[in-house]
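Q: Got a sequence here, can you model it:
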Amino acid sequence: MPPFEQTVHGYLSHLYGPRACEVQRRLNQHITHFLSLAPFSSTGINIQPKDAPSWSEKDQWVISYGDSIIEDDLPPLAVLSDFLQARLGERISGVHVLPFFPWSSDDGFSVIHYREVNTDLGDWSHIRELASHYDLMADLVLNHVSRESLWCVDYLSGSLPGRDYFIDVDPSTDVSQVVRPRSSPLLVPISTRRGTRYLWATFSEDQLDLNFENPDVLLEFVGILLFYLEQGTRIVRLDAVAFLWKRLGTSCIHLPETHTVVRLLRAIVDHVAPGTLLITETNVPHQENISYFGLERLPKGEPDEAHMVYQFALPPLLLHTLTRGETNTLQTWLTSLPILPDHCTYLNFTASHDGIGVRPLEGLLPDHERDALLELMHRFGGFVSMRSNPDSSDTPYEINITWFEAMRGTRRGPDPWQIARFICSQAIMLSLQGIPALYIHTLTGTLNDVEGVERSGRLRSINRRRWQRSELDLLLDSPSTPTHDVFHALSRLLDQRRHEPCFHPNAAQRTLASAPELLAVERGPLADGRRLLALYNVTDTPFALENGGEAVIQSLGRHTWQALDSDNSWNVEGALSPYAVRWLIAYN
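A: Residues are numbered from 1 along each chain as shown. From the prediction side, this is the model:
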């Protein structure tokens with residue numbers, strides 16, 4: 001048996017025992033059909049040898065809904081493509097278009113049809129057009145499906161295949177151990193021809209969890225995954241994957257079978273479309289999050305799960321750092337990050353379509369510090385979403401606020417440094433090891449959309465505004481607006497970053513011990529001796545580098561530095577202004 005088939009057989013045996021051979025036969029049919037199609041180059045997929053790096057310093061991504069920017073009667077996907085090309089061009093290399101399928105709730109994450117494009121957004125030609133200009137990230141929403149899906153219609157009538165696609169549970173069953181990201185009931189009553197049944201619904205009553213113990217469900221999603229690759233997808237985001245496999249009597253999160261499904265999907269994409277990236281979305285405490293790399297298999301073998309994981313601890317830690325004016329907690333966390341092998345990296349971000357997760361702070365920040373941060377975000381116009389615990393109590397799950405509004409001030413309240421603080425936060429994110437992704441509303445410095453929350457009744461709508469293209473263009477072209485200042489400052493940083501090899505995701509990273517007011521991160525050295533030192537004053541007062549700490553002073557004195565945006569040597573004397581950003585380069 002060839003190595004790929006041996007690997008797949010091992011995974012399927014873990015999942016389905018004696019049924020593995022039959023499941024593998026059917027899975028091979030999917031793969032054979034996919035490989036028989038036209039060359040991937042015609043669909044926009046970037047084919048590379050398996051041992052070639054899949055990323056570089058030029059990888060910089062944007063996250064957006066298909067209709068975050070709208071214009072007259074044009075298809076929003078076409079408007080998004082034109083906006084990105086006109087305003088950002090080659091500054092970005094990829095775009096994550098959030099679920100663009102027909103949906104019934106949760107702004108796209110309750111999918112009705114997986115193989116269709118929401119006609120309100122456009123069609124597959126618009127998706128392929130985007131993929132021809134940028135690396136496209138698409139969501140594989142595989143944990144749950146809409147109640148309006150055909151699979152659910154099958155379940156209601158007792159027809160195949162959907163009849164066996166869901167998790168039917170006796171309502172008297174003890175499910176208290178199940179870890180939840182929500183406070184809604186876990187079991188949802190559904191009226192069927194067979195009477196009232198109770199189905200598992202991790203996220204909402206409209207999002208019914210799928211039963212992966214049924215291999216037909218797995219095979220459905222392998223087919224969907226391959227279809228997305230046919231349409232030009234290069235990055236596949238496994239949405240809410242941590243909750244995929246259920247076993248009563250357990251927490252039903254991060255189960256071994258869930259990790260095996262991720263390994264299986266990784267093996268498939270590596271085999272049929274090398275260069276495709278698999279990224280897991282697991283908004284959980286840090287150590288649980290990075291478990292989806294599969295690093296425990298080092299040094300005996302290569303990690304075999306996700307190519308990338310979201311760096312979920314970064315956004316709340318940056319909020320804490322910049323609103324408190326101290327870097328101790330951030331420095332400790334950065335120093336603790338494991339050294340990753342060449343084919344694993346982080347997706348760094350500060351904001352996304354969801355809120356700013358609070359769970360990743362567990363074990364990193366004391367509860368009283370977390371609560372002080374939540375109270376501050378409330379003062380800046382934000383909200384806090386809750387989740388249910390196994391003991392029936394509720395705890396904070398995420399902060400709902402735009403990142404620009406979150407940077408309104410410090411714990412002393414609002415101040416005049418909002419834009420400088422905001423840019424400092426983005427520069428820190430851009431300089432860290434990994435691939436950066438900027439949410440469209442971070443790029444535009446969007447304010448809290450309180451009216452959107454009132455219209456939808458959902459707290460997350462605060463950060464999901466839909467811009468009219470004409471209004472946004474006017475703000476971007478008017479020098480007196482925060483939108484202009486933010487967008488152009490970020491554009492300059494993106495320009496600098498994409499041309500600097502020390503920002504390659506595989507370039508080494510070291511956090512220098514420093515005074516609490518200063519963050520100092522060194523990237524490199526590269527093979528030619530080139531290295532980068534990133535310095536950030538995280539306070540609203542000037543900071544003298546001579547007070548930065550021994551490690552910083554030694555590093556500054558050991559090399560001749562020049563600013564990344566200048567050909568002149570950099571004078572290490574003097575002070576860093578409030579929220580100053582310095583990217584310095586040395587060759588010796």
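Q: hey, let's count contacts and neighbours off CA atoms from now on
A: Will do.
Q: Neighbours of G457, how many?
A: For G457, the neighbour count with other C-alpha atoms under 10 Å is 10.
Q: For the spatially closest residue to V179 that is not a sequence neighbour, give me the pLDDT.
A: In space, and not counting its chain neighbours, V179 is closest to S251: 5.3 Å by C-alpha to C-alpha, 6 or more residues apart in numbering. Note on S251: pLDDT of 95.
Q: in terms of contact, does S251 touch D174 like I think?
A: No: S251 is beyond contact range of D174, at 11.6 Å (criterion: C-alpha atoms under 8 Å).
Q: out of those two, which sits in the busier spot?
A: Ranked by neighbour count (other C-alpha under 10 Å), S251 and D174 place S251 first, with 17 against 11.
Q: how about the more buried one, what does it touch?
A: Q177, V178, V179 (C-alpha atoms under 8 Å, 6 or more residues apart in numbering).
Q: Got a quick ChimeraX command for the buried subset of those?
A: The buried residues among the contacts of S251 can be selected in ChimeraX (16 or more other C-alpha atoms under 10 Å) with this line:
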select :178,179
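Q: nearest to Y165, of the contacts of S251?
A: V178 (20.1 Å; C-alpha to C-alpha).
Q: can you tell me which residues contact the closest one?
A: Per C-alpha under 8 Å, 6+ apart, neighbours of V178: T250, S251, C252, I253, P390.
Q: Just the buried ones among those, please.
A: When the contacts of V178 are checked for burial by 16+ other C-alpha under 10 Å, the buried set is S251, C252, I253.
Q: Nearest to I190, out of the contacts of V178: which one, please.
A: Closest to I190, out of all of the contacts of V178 and judged by C-alpha to C-alpha, is C252, at 21.8 Å.
Q: Now that that closest one has come up, it's in contact with T258, right?
A: No: C252 is not in contact with T258 according to C-alpha under 8 Å; the separation is 9.4 Å.
Q: Next, the buried residues of stretch 363-371.
A: L364, L365, R370.
Q: can you tell me how far the first one sits from T276?
A: Going from L364 to T276 by C-alpha to C-alpha, to the nearest Å gives 33 Å.
Q: Could you do the last one as well?
A: As judged by C-alpha to C-alpha, R370 and T276 stand 37 Å apart.
Q: before we move on, what about the second one?
A: Distance from L365 to T276, counting by C-alpha to C-alpha: 35 Å.
Q: For the chain, which residues score under the pLDDT cut-off?
A: 38-53, 298-301, 567, 569, 573 (pLDDT under 70).
Q: Quickly find the element holding the residue lying closest to T276 once chain neighbours are set aside.
A: Closest residue to T276 apart from its sequence neighbours, by C-alpha to C-alpha, 6+ apart: R234 at 4.8 Å. For R234, the host element (DSSP states H and E) is strand 233-238.
Q: in the next helix or strand after that strand, what counts as buried?
A: Moving toward the C-terminus from strand 233-238, the first helix or strand encountered (DSSP H and E) is helix 256-272. Of the residues in helix 256-272, 257-270, 272 count as buried by neighbour count, 16+ other C-alpha under 10 Å.
Q: how deep is G249 tucked in, by neighbour count?
A: G249 has 12 nearby residues by other C-alpha under 10 Å.
Q: Who are the contact partners of it?
A: Neighbouring residues of G249 by C-alpha under 8 Å, 6+ apart: D174, V175, Q177.
Q: Assign the second one to helix, strand or coil.
A: Read that as V175. Here V175 is recorded as coil under DSSP: H, G, I helix; E, B strand; the rest coil.
Q: count of residues packed around it?
A: For V175, the neighbour count with other C-alpha under 10 Å is 17.
Q: how near is it to W245?
A: Noted for V175: a distance of 14 Å to W245, by C-alpha to C-alpha.
Q: still on that earlier bit, from the contacts of S251, which is closest to N400?
A: Checking the contacts of S251 one by one against N400 (C-alpha to C-alpha), the nearest turns out to be V179, at 21.1 Å.
Q: would that closest one count as being in a helix?
A: No: assessed with three-state DSSP, V179 is coil; it does not lie in a helix.
Q: Kindly provide the distance from it to L277.
A: Distance from V179 to L277, by C-alpha to C-alpha: 28 Å.
Q: How about Y579?
A: Using C-alpha to C-alpha, Y579 is found at 35 Å from L277.
Q: Quickly note the distance from the residue nearest to L15 when sequence neighbours are not counted to L278.
A: Nearest non-adjacent residue to L15, counting by C-alpha to C-alpha, 6+ apart: E257, 6.3 Å away. Separation of E257 from L278 (C-alpha to C-alpha): 17 Å.
Q: With L255 instead?
A: 19 Å.
Q: So which of the two has more stuff around it?
A: A direct count of neighbours by other C-alpha under 10 Å for L255 and L278 places L278 higher, at 21 against 16.
Q: Assign a three-state SS to that one, would you?
A: The three-state assignment at L278 reads strand, by three-state DSSP.
Q: how close does it get to L248?
A: Here L278 is placed at a distance of 28 Å from L248 (C-alpha to C-alpha).
Q: Not counting stretch 152-171 itself, show me its contacts.
A: Residues from elsewhere that reach stretch 152-171 (C-alpha under 8 Å, 6+ apart): 146-147, 150-151, 187, 191-194, 197-200, 208-212, 214, 216-217.
Q: Filter the residues you listed down to the buried ones, ChimeraX style.
A: Of the contacts of stretch 152-171, the buried ones can be selected in ChimeraX as follows, counting by 16+ other C-alpha under 10 Å:
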select :146,147,151,187,197,198,199,200,208,209,210,211,212,216,217
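Q: Now intersect the contacts of stretch 152-171 with the strands, please.
A: S146, L187, S191, T192, R197, Y198, L199, W200, L208, D209 (DSSP state E).
Q: Looking at the residues you listed, which one is closest to D354?
A: The shortest gap between D354 and any of these belongs to S146, at 18.9 Å (C-alpha to C-alpha).
Q: quick one, what contacts the closest one?
A: Neighbours of S146 in contact, by C-alpha under 8 Å, 6+ apart: W103, S104, S105, S110, V111, I112, C152, D206, Q207, L208.
Q: And it, how close does it get to S110?
A: 5 Å.
Q: which residues are in contact with both of the two?
A: Contact criterion C-alpha under 8 Å, 6+ apart; residues shared by S146 and S110: W103, S104, D206, Q207.
Q: The last one bridge partners, please.
A: Legend: beta-bridge partners of Q207 under DSSP bridges are S146, S204.
Q: ok, it touching V141?
A: No: counting by C-alpha under 8 Å, Q207 does not reach V141; the two are 10.6 Å apart.
Q: neighbour count winner among these two?
A: Q207 (24 against 19).
Q: right, and L512 touches R523 too?
A: No: counting by C-alpha under 8 Å, L512 stays clear of R523, with 10.7 Å between them.
Q: And Q60, how far from T350?
A: 14 Å.
Q: picking that back up, can you redo the shared contacts of S146 and S110 as JSON lines with distance to G158?
A: Output for those, formatted as JSON lines (distance: C-alpha to C-alpha, whole Å):
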{"residue": "W103", "distance to G158": "23"}
{"residue": "S104", "distance to G158": "22"}
{"residue": "D206", "distance to G158": "19"}
{"residue": "Q207", "distance to G158": "19"}
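Q: who wins for most neighbours among those residues?
A: In terms of neighbours by other C-alpha under 10 Å, the shared contacts of S146 and S110 top out with Q207 at 24 neighbours.
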